[in-house]
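Q: Fold the following, please.
(2 chains)
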Protein chains: 2
Amino acid sequence: MKIYRVNMTEGEVTTEDVKDAYAALGGRGLTSQIVADEVSPTCNPIGPKNKLVIAPGLLSGTMAPSSGRLSVGAKSPLTGTIKESNAGGTAAQKLAKLGIKAIIIEGKPADDKLYTMTVNKDGIQLEDVSDDLIGKGNYEVMEKIQAELGEKVCVMSIGQAGEYRLESASIAVSDPEGRPTRHCGRGGTGAVMGAKGVKAIVIDDSDAPGVPIVDQDRFKEASRALAKSLLDHPVCGEGLPEYGTAILINILNESGGLPTENFKTGRFEGADEISGETIADVISDRGGQKTHSCHPGCVMRCSQIYNDKDGEYLTGGFEYETVWGFGANTKVDDIDAIAMMDRICDDVGIDTIEMGVAVGVAMDAGVIEFGDAEGAIDLLEQVGEGTPLGRIIGSGAGFTAKAFGLDRVPVVKNQGIPAYDPRAVKGVGVTYATSTMGADHTAGYAVTSNILSIGGEVDPLSKEGQVELSQGLQIATAAVDSTGLCIFAAFAILDDENALPAVIDMLNAQYGLELEADDVTALGKSIIKTEREFNIEAGFTKADDRLPDFFVDEECPPHNVKFDITDEELDGLYNF
Amino acid sequence: MKIYRVNMTEGEVTTEDVKDAYAALGGRGLTSQIVADEVSPTCNPIGPKNKLVIAPGLLSGTMAPSSGRLSVGAKSPLTGTIKESNAGGTAAQKLAKLGIKAIIIEGKPADDKLYTMTVNKDGIQLEDVSDDLIGKGNYEVMEKIQAELGEKVCVMSIGQAGEYRLESASIAVSDPEGRPTRHCGRGGTGAVMGAKGVKAIVIDDSDAPGVPIVDQDRFKEASRALAKSLLDHPVCGEGLPEYGTAILINILNESGGLPTENFKTGRFEGADEISGETIADVISDRGGQKTHSCHPGCVMRCSQIYNDKDGEYLTGGFEYETVWGFGANTKVDDIDAIAMMDRICDDVGIDTIEMGVAVGVAMDAGVIEFGDAEGAIDLLEQVGEGTPLGRIIGSGAGFTAKAFGLDRVPVVKNQGIPAYDPRAVKGVGVTYATSTMGADHTAGYAVTSNILSIGGEVDPLSKEGQVELSQGLQIATAAVDSTGLCIFAAFAILDDENALPAVIDMLNAQYGLELEADDVTALGKSIIKTEREFNIEAGFTKADDRLPDFFVDEECPPHNVKFDITDEELDGLYNF
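A: Here you go, the predicted model:
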């Protein structure tokens, strides 16, 4: 495998052999290590010294189930921390099949020109972007590229938000149908791509060599074992395929942890209208797809295709956190309006979670009223138009709060807090506060033991055991994020003793290694330490590992709980 | 003397005796100590846990020349650091005469209501602000209050920017004519006042007891000695009264340190059009005042009153940094347009330096063209109107850069870098990088030895001696900022061996102390250490004590110099 280095200052592409230190790394482990090795922690994230690192996971491109996640790393424009944001779609598998370990995009075009980068069996080529893609949204960009190059190519692209270098800009990754429904959403990696002058990356794996496997038989057997483990798990094999992730709306509402009205309460009276069950019914009625793979070979198939009232495609990959952000958090109970907001975000190329939090903040500051779905849609459209108000919203929740003078702002390290109230789901609150990524539920998804009874049970309302829970999950997640496996595979790993050995077996079979379970834990710890060291050099301290005061001071109904895990307890997370 | 505590949550005013630890503190020394003692370093600056502390200097209210500076302290919304911002005007002297050591404004009205605070011999009274002041600029606010209460009252007020809680909002302090030309400008203290729900503070010193002096004769003698020292000094006694601070335009342009076109070069071809000499001529021609005291008893009289083409009052207190910001930095060479921008900032209540840098950034990002005076005026008017674009600009230079995707941003700790290019005036570059306040020329005004041959000479283009120069000045300044003396008095102190003893003599005579020169240095060190400790608790590290990369990487014409003082050398500033 090779590492490709694309210098946008010079317009040069070079290839490098994979250093020994990088050989056993993939996905997040590799992007974070390269960023730590090569990026000045104090640089301006949209300046020439930042780098955008793209890496498939260790298992990507193989027949391992649900292993097609792509990692993108950089210094985050939103948080100022190191950042790894991962997505499904078809990029990771194609890159792996092309023998690409990572692509490092560095420098900055002097003239702020935009380029298209084509990745195929002949390497990487840069060319000026065609004029008709400039200023266009991801749907149009992908359609036009596929019209020219065929439907089988994968496109990674930025919409208008990335061109504007807004701090919530995402990188879209085309799904198996070629649509921009999968995103490296969090932390503004789309702004970094925009700052590098890259509008689109076209990945064509025609005649690709494919991924070598040292021991094919052993790999197949382990792969089948993991697939069985996933399909047998009640969440991975039943809940997710049947209802998608939005099945969590009713569950979180019931638990009192569904943040409503910019985190004023934990229960939304309109929850039924936006629940996974309702969405599944609407999808069925309109001839959409209740279950859909975000990348080939996923057995959990939690993605969906959502049609409008006329039965025409509207959006896909419609996640719980998106439904929450534009629903409960803004008191909008119109699922079609929420679906439209999801589509706009996919098209403009902005993180749906950050936008949900930002729109909630804008409502709380009086820019528009809570529950105003049309107003919310208008705000998101303005992001694409680049109006001053759109630029404020598109720069995220913390930014919006400052522009409108609001002091009650649900962010950690300037990243919007997602769909689980940290007072009522305290384990994930610990993750928000301490993660190297800013407020990020996926960095240590304690919703498992707090709410879903996966991997044991930890009372979500009590402070007991939450730091340990989050710590274990953060370490495990860093390792899983390196394999290319979807984080939902962790549900099976937590509950089925056969799952982790199967994953390790696949890695050993593919690479000819003899890893054991302890090596996986060691990898997770090492990744987090590398990321944290970068953040410390960037100027982060324990003062940044805190939730906003209002979670500590204000009770969250209906359980009337506060976040009561002390600063000292939070600081204990890094005792490993 | 008393300390008044105004709790805006409860609407309660209480008084406290002055603790022993505060007895020998005034101005910045006192505001910083109270903020450090009482404010959570990690709180949201516009939330209920921040406090706004107002304190006259130790010598304020006496006959000491040029001793009427007022300090305002808080956690800064702009920088997140501790902040002291000081201003002239008539507030400090009146507060001191009323026996008020400090006013601490804390909490936050639950209903976001606005109040007027009246300070007089009977104490402090809060009342609802009259409807006709809400949403109004400082000129109208002060006129209406003085129309009701007489011209002798001092008014401290916020304009629209403070009501919006924008991060560049200032607090206006009325000058001897009752106009809002003197501002606690830097760091957004106006946003804190707005967040506390205080629109205006009216200070009436009728029948005030006055400031007690232990040894009147000794005080008078020392006071006369300082006045002589100031009047004999070529800058304090001649340059400033004759031309105002804008005399520096030609001097900095000549030295190649006048930042032009958002810090692209150090020389502005339109400098003559905006120089102090030109301004003085225009003022004379139109019947304005070339020399004017910003507070009673100032012998340097560097303020001015600038009339428009019809001979009508337009603005006052028109400083070098303002003329630079709206002139060279934005390539506007129309002095009337610049004067209008100064007036708008005074009226809306926003820091002219931050606005000059923000407008330069907006121009660099293509929002308007460099040199577009009308466009710049429009941007500033929009701040007052609260449009989304106005809110972006009014939130400062760093914010504006993020909204418009610009990576070349002249800020330190998110505060705009003022009127001296740190590459061509390296001593002040050290101050920008390391000051506890963010980029602040007044925190250690190394322009003295670098450019003005005051206090010796240190080559501005060489790195030699700059850290020591800045260190000494930062320590001395912290002490001077505690006395209520104008920082320009430091020019005399640096050059005339009689000046510092005169200041110490006044303090000893007033308070019955026996301070020596070493005590002054110790006070300065102690203040900076207190401030720095607050910042460390707030999460600041040495990574924040840096200039933006472009000052290190790009040469500044005409001398083609870079900022070459290393990180390690910068970190040495705090070795004391």
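
Q: which one in chain A is furthest away from the centre?
A: Here chain A reaches farthest from its C-alpha mean at A:D217, the gap being 32.8 Å by Cα atoms, centre = their mean.

Q: Identify the residues contacting the helix or strand hosting that residue?
A: In this structure, A:D217 sits in helix A:216-232 according to DSSP states H and E. If you take Cβ atoms under 8 Å, 6 or more residues apart in numbering or on different chains as the criterion, helix A:216-232 is touched by A:62-66, A:213, A:236-237, A:299-300, A:489, A:492, A:496, A:498-499, A:501-503, A:505-506, A:508-510. Every C-beta, even on glycine, is put in place using the N, C-alpha and C of the backbone.

Q: and what of stretch A:558-567?
A: Here stretch A:558-567 has contacts from A:256, A:265-267, A:422-424, A:426, A:429-430, A:433, A:461, A:463, A:466-467, A:542, A:546-547, A:551-556, using Cβ under 8 Å, 6+ apart.

Q: Just the buried ones from those residues?
A: A:256, A:265-267, A:422-424, A:426, A:429-430, A:433, A:461, A:463, A:466-467, A:542, A:546-547, A:551-552, A:554, A:556 (16 or more other Cβ atoms under 10 Å in any protein chain shown).

Q: on that earlier part again, in helices, which of the contacts of helix A:216-232 appear?
A: Among the contacts of helix A:216-232, the members falling in helices (DSSP state H) are A:489, A:492, A:499, A:501-503, A:505-506, A:508-510.

Q: Pick out whichever of these sits closest to B:W324.
A: Taking Cβ to Cβ as the measure, B:W324 sits nearest to A:A489 out of these, at 59.0 Å.

Q: That closest one reaches A:A502, doesn't it?
A: No. A:A489 lies out of contact with A:A502 (Cβ atoms under 8 Å); the separation is 9.9 Å.

Q: Between the two, tell me which one has more neighbours.
A: Using other Cβ atoms under 10 Å in any protein chain shown, the more surrounded residue of A:A489 and A:A502 is A:A489, with 28 against 25.

Q: quick one, strands of the stretch 51-200 of chain A?
A: Secondary structure of the stretch 51-200 of chain A (DSSP state E, counting those that start in this stretch): strands located at A:52-56, A:70-75, A:82-87, A:100-106, A:115-120, A:123-128, A:154-157, A:171-173, A:182-184, A:198-203.

Q: Reformat these into TSV and put distance to A:I368 next to each item.
A: Listed next are the strands of the stretch 51-200 of chain A as TSV, based on distance: least, Cβ to Cβ, whole Å:
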stretch	distance to A:I368
strand A:52-56	34
strand A:70-75	32
strand A:82-87	28
strand A:100-106	37
strand A:115-120	37
strand A:123-128	40
strand A:154-157	29
strand A:171-173	26
strand A:182-184	25
strand A:198-203	31
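
Q: Dump the ones you listed to JSON lines, plus mean pLDDT and mean neighbour count.
A: Putting these into JSON lines (pLDDT from 0 to 100; neighbours: other Cβ atoms under 10 Å in any protein chain shown) gives the following:
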{"stretch": "strand A:52-56", "mean pLDDT": "98", "mean neighbour count": "29"}
{"stretch": "strand A:70-75", "mean pLDDT": "98", "mean neighbour count": "30"}
{"stretch": "strand A:82-87", "mean pLDDT": "97", "mean neighbour count": "28"}
{"stretch": "strand A:100-106", "mean pLDDT": "98", "mean neighbour count": "24"}
{"stretch": "strand A:115-120", "mean pLDDT": "98", "mean neighbour count": "21"}
{"stretch": "strand A:123-128", "mean pLDDT": "97", "mean neighbour count": "14"}
{"stretch": "strand A:154-157", "mean pLDDT": "98", "mean neighbour count": "28"}
{"stretch": "strand A:171-173", "mean pLDDT": "98", "mean neighbour count": "32"}
{"stretch": "strand A:182-184", "mean pLDDT": "97", "mean neighbour count": "29"}
{"stretch": "strand A:198-203", "mean pLDDT": "98", "mean neighbour count": "25"}
